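> 3D model of this:
(4 chains)
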There are 2 protein chains.
Amino acid sequence: MSSNDFPKGVSRASNLADAVLRLIWVERQISRADIARRTGIARSTVSEIVATLLPTGLVAEVGVGVSRGGRRPIVLQFQDDAHFIVGIEVGAAHVGVVLMDLRGNTVAWNQRRFPVREDPEGTRGLMIEMAETIVAASKQDPRSLVGIGVAVPSPVDPKNPGALSEIVLPAWNGRSGFEVLQQKFGVPLWVDNDANLGALAEHWWGEGRGLSDFAYVKVATGVGSGHVISGEIYRGATGVAGEIGHMAIAPRRGPACMCGLRGCLTTMVGRDALRARTQELAASYPGSPLASGNGDAPRLEDAALKGDPLALAVVREAAEYLGIAMAGLINLMNPSMVILGGDLARLGDLVLDPLRETVRERTLVSSVSAAEIRTSELGPRSVAIGAATQVLKAALEDSRLFPTAPGRAEAS
Amino acid sequence: MSSNDFPKGVSRASNLADAVLRLIWVERQISRADIARRTGIARSTVSEIVATLLPTGLVAEVGVGVSRGGRRPIVLQFQDDAHFIVGIEVGAAHVGVVLMDLRGNTVAWNQRRFPVREDPEGTRGLMIEMAETIVAASKQDPRSLVGIGVAVPSPVDPKNPGALSEIVLPAWNGRSGFEVLQQKFGVPLWVDNDANLGALAEHWWGEGRGLSDFAYVKVATGVGSGHVISGEIYRGATGVAGEIGHMAIAPRRGPACMCGLRGCLTTMVGRDALRARTQELAASYPGSPLASGNGDAPRLEDAALKGDPLALAVVREAAEYLGIAMAGLINLMNPSMVILGGDLARLGDLVLDPLRETVRERTLVSSVSAAEIRTSELGPRSVAIGAATQVLKAALEDSRLFPTAPGRAEAS
DNA sequence: TAACTTTGATCGTACTCCGAACAAAGCTTC
DNA sequence: GAAGCTTTGTTCGGAGTACGATCAAAGTTA
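Numbers count the residues shown, from 1 in each chain, chains lettered A, B, ... in the order given. Down below sits the predicted model:
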């Protein structure tokens, strides 16, 4: 039985007002009468709610629409640039910061290499510095900042968002220490796992738009996956759902993984694995520019896009391993789509063709379990955008999070 | 972005009243003052709500409790036998019917073998007959029937609950035709997949009590799994989530499956597979009573429980295959528990030991991904109980479904 | 025995949301 | 082009919900 769900004390005032705001966000432009029709709320109530929304600046009247046989409606428009949000991606060896408006548009973007894994204190300092710079450069009023979202390369327990995995980031001692950001900027802070937030970005702005159940698999240094289930990010019993990277592909003969097992997907298709496999196969492809083995060698993806046979062989092999794991994912979770992100996504059909073939071989062939497989189009900013999006999502669910919301304690 | 979530037209009146009823159900006995404390609802409001609940018969005053330093509280008790629910399990070759009270207790239970797969019309007739018999024999007032829940061995699309998979049950032409039950008894009807409802039964009455994320794997003629995610049954994008039975264990060398693939889990550990494997190994175990191969041979599980080496070898092998699939499940979905149901569950540690070992070999060894593996204790009635439980769950979420609820259209 | 606590009921009130009524502003049709 | 109809948006009274204050009843504690 589900645990008791009584939010002790603070109970939201009007959920209708938030529902109306969300509808305006979704539709971008809509009239009061249309809101009443779409939601079933009385026209009079819609008018009252809109009257409270207008002074917040989130919604504005922007003209009149076409008549439906009577008086022409006043068009309400969601003001995408009423506020903005900072999204920060903390990677294993870099920090990326994005300034996003309320429609997912990137206002500004910056990225810096940094030894995140080894230097927690320095990372926090860099995050503050980069966030301050990007806010200042944007010439926006800092008071219109809604909040800060952070993506970390570690499982995050929603009940204890300040904690980090000591296994993935030992030097951080299990604590993020991101409270300093909250204090510095005076706005709320959200933290979640990078794969989850990549999936969230896909859900709001990418291939996953409109889908309620899909998976996002990111292949880069490591392999991770995020899952949207019933329209929500799934975190699992302990906040570590979607560890597809440690799914056992070759548990007996495969290479050892840092997690203590053998033949994990990460050890087969992660960046190091692909590099090692390239060297192994180099002898058979003496003409390949990748065979030189020194630092001048082109990136695997670039070589593959130019048709290099060695690169193509490595990619095809990786796609097959990936396909084995994805087939298991599809059988178990029945997503309507699997979105491939990370470095390999650039390769398009070069990776999708062998991937789809392997998956087809191993999944129930029936219309009900047909999951589409696609590559992400969001690019390298996707995780930072996802970090910002979790803030937008929270604010659209509880509009009091917007700085100008009515019923907030005014700064006097 | 999630689709619009406006329930057009009917909007529930008091959600608080239902929340109070649920709390009384969970606590079984509780005073008005305790309800106010636990929920944060004002004492006066609790009094008013309880006043509307008492005449429904769902709640009764049953004495006074111990004082906390003042007036002694009146103890309210949920009346488990105020109403009852019919749960029907439609299997591949049998029909089971259970009469359940509002606490999951079995009031009556009956089971009949029947060629369900071949005879849809006869199945529907048998369901009506068995349900009528069990209601009549229980000497309950038929008017206190809340509803009927049905479990079917086929994926069920929640948006189209009257449809059945034509692949699993070709003779049914994709339609259940269960509306006749609804008409016959004049109560609402719920239909869902059997593995989902097995998981639901575990969640409410079995090992899964209090867990918000766990998986239920049933091994019998076939292999299926149901998943509870965030406290809710997960159905997947097309209502077919949890097809663990068609996860590819040995996609190249394994036996062909009815689904068109090779080496599905079902073809390795399903009833037919275990029987075939027993025959294969019989030559090496001439002394085993299972080796005779005729109809007099004992059941595999019984032989294993008696220590027969042939049976143990077959079970151990099956447990290892099962472990491979479960490891994938655990890595991907991060349940806090996996519950094994079906025929093999009777074997306890005989199947759990090799299962746990295989899973341990293949899952990330960290505290965060440690899923317990247990066997179900609910026995053969679990799916029928689950079918009835989905009705109870619905009624506790919307108390207007109870026949005596206030605000219902009274039968004059 | 007096003082304090706890429980449960009653009553007035704030708030939310709805429907009815109305004015404004457009179509439609003869 | 004027009358009649539709649609939009606002105003206002009223139903319903939940809360806080108050009170009586029934305890415990000093």
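> Could you give me the buried positions within stretch A:26-46?
Within stretch A:26-46, the residues that count as buried by 16 or more other C-beta atoms under 10 Å in any protein chain shown are A:27, A:30-36, A:38-39, A:41, A:45-46. Quick note: C-beta positions are derived from backbone N, CA and C, even for glycine.
> do stretch A:264-274 as well
Buried residues in stretch A:264-274, counted by 16+ other C-beta under 10 Å: A:Cys264, A:Leu265, A:Thr266, A:Thr267, A:Met268, A:Val269, A:Gly270, A:Arg271, A:Ala273, A:Leu274.
> what do you get for stretch A:201-209?
Taking 16+ other C-beta under 10 Å as the neighbour-count basis, stretch A:201-209 is seen to contain the buried residues A:Ala201, A:Glu202, A:His203, A:Trp204, A:Trp205, A:Gly206, A:Glu207, A:Gly208.
> Surely the fourth one is in a helix?
So the one you mean is A:Trp204. Yes: if the criterion is DSSP: H, G, I helix; E, B strand; the rest coil, then A:Trp204 is within a helix.
> Closest one to A:Gly174 out of the buried residues of stretch A:264-274, please.
Among the buried residues of stretch A:264-274, A:Thr266 lies closest to A:Gly174 (C-beta to C-beta), at 22.1 Å.
> Could you look up the SS state of that closest one?
Going by three-state DSSP, the secondary structure assigned to A:Thr266 is helix.
> ok, back up a step: closest one to chain B out of the buried residues of stretch A:26-46, please.
Minimum distance to chain B across those is 4.5 Å, recorded for A:Thr39 (C-beta to the nearest C-beta).
> check contacts around the closest residue to A:Tyr285 other than its chain neighbours.
Closest residue to A:Tyr285 in three dimensions, ignoring its sequence neighbours and counting by C-beta to C-beta, 6 or more residues apart in numbering or on different chains: A:Leu310, at 3.7 Å. The contact partners of A:Leu310, by C-beta atoms under 8 Å, 6 or more residues apart in numbering or on different chains, come to A:Thr278, A:Leu281, A:Ala282, A:Ser284, A:Tyr285, A:Ser288, A:Leu290, A:Ala291, A:Ala303.
> mind redoing it with 7 Å?
Listed by C-beta atoms under 7 Å, 6 or more residues apart in numbering or on different chains, the contact set of A:Leu310 reads A:Thr278, A:Leu281, A:Ala282, A:Tyr285, A:Ser288, A:Leu290, A:Ala291.
> Identify the spatial nearest neighbour of the fifth one, chain neighbours not counted.
So that's A:Ser288. In space, and not counting its chain neighbours, A:Ser288 is closest to A:Leu310: 3.8 Å by C-beta to C-beta, 6+ apart.
> Would you state the secondary structure element containing that neighbour?
Secondary-structure assignment from DSSP states H and E places A:Leu310 in helix A:309-333.
> Name the next helix or strand downstream of that helix, please.
Using DSSP H and E, the helix or strand that directly follows helix A:309-333 along the chain is strand A:337-342.
> Give me the angle between that following strand and helix A:309-333.
140 degrees (axes from the mean of the first three to the mean of the last three C-alpha atoms, to 10 degrees).
> Looking at the record's assignment, how would you partition chain A?
Taking automatic domain parsing as the domain assignment, the record places the domains of chain A at A:15-78, A:84-200+A:382-401, A:209-377.
> Looking at those domains, which is nearest to DNA strand C?
Minimum separation from DNA strand C across those (C-beta to the nearest atom of the strand) falls at domain A:15-78, 3.0 Å.
> starting at the chain centroid, how far to the closest one?
The offset between the C-alpha centroid of domain A:15-78 and the centroid of the whole chain comes to 30 Å, using C-alpha atoms, centre = their mean, to the nearest Å.
> so does that domain get close to DNA strand C?
Yes: judged by C-beta under 7 Å from any atom of the strand, domain A:15-78 comes into contact with DNA strand C through A:15-17, A:40-45, A:48-49, A:64, A:67, A:69-72.
> does chain B sit close to that domain?
Yes: applying C-beta under 7 Å from any C-beta of the partner chain, one finds domain A:15-78 touching chain B at A:Ala19, A:Leu23, A:Val26, A:Arg38, A:Thr39, A:Gly40.
> Report the secondary structure state of the fourth one.
In three-state terms, and counting by three-state DSSP, A:Arg38 is helix.
> Secondary structure element holding the spatially closest residue to it that is not a sequence neighbour?
The spatial neighbour of A:Arg38 that comes closest, neighbours along the chain excluded (C-beta to C-beta, 6+ apart), is A:Leu23 at 6.2 Å. Using DSSP H and E, A:Leu23 falls within helix A:15-27.
> Apart from its neighbours in sequence, what residue is nearest A:Gln77?
With sequence-adjacent residues excluded and distances taken as C-beta to C-beta, 6+ apart, A:Gln77 is closest to A:Val62, at 4.4 Å.
> actually A:Gly323, not the one I typed
The spatial neighbour of A:Gly323 that comes closest, neighbours along the chain excluded (C-beta to C-beta, 6+ apart), is A:Thr358 at 2.6 Å.
> Which elements pack onto whatever helix or strand the one you found lives in?
Counting by DSSP H and E, the secondary-structure element that holds A:Thr358 is helix A:349-362. Contact partners of helix A:349-362 among helices and strands, from 3 or more C-beta pairs under 7 Å, 6 or more residues apart in numbering or on different chains; DSSP states H and E: helix A:309-333, strand A:372-375.
> Tell me which two of the buried residues of stretch A:201-209 sit farthest apart.
Maximum pairwise distance among those (C-beta to C-beta): 11.1 Å, between A:Trp204 and A:Glu207.
> which parts of the stretch 51-200 of chain A sit against DNA strand C?
Contact residues, the stretch 51-200 of chain A versus DNA strand C (C-beta under 7 Å from any atom of the strand): A:Val64, A:Ser67, A:Gly69, A:Gly70, A:Arg71, A:Arg72.
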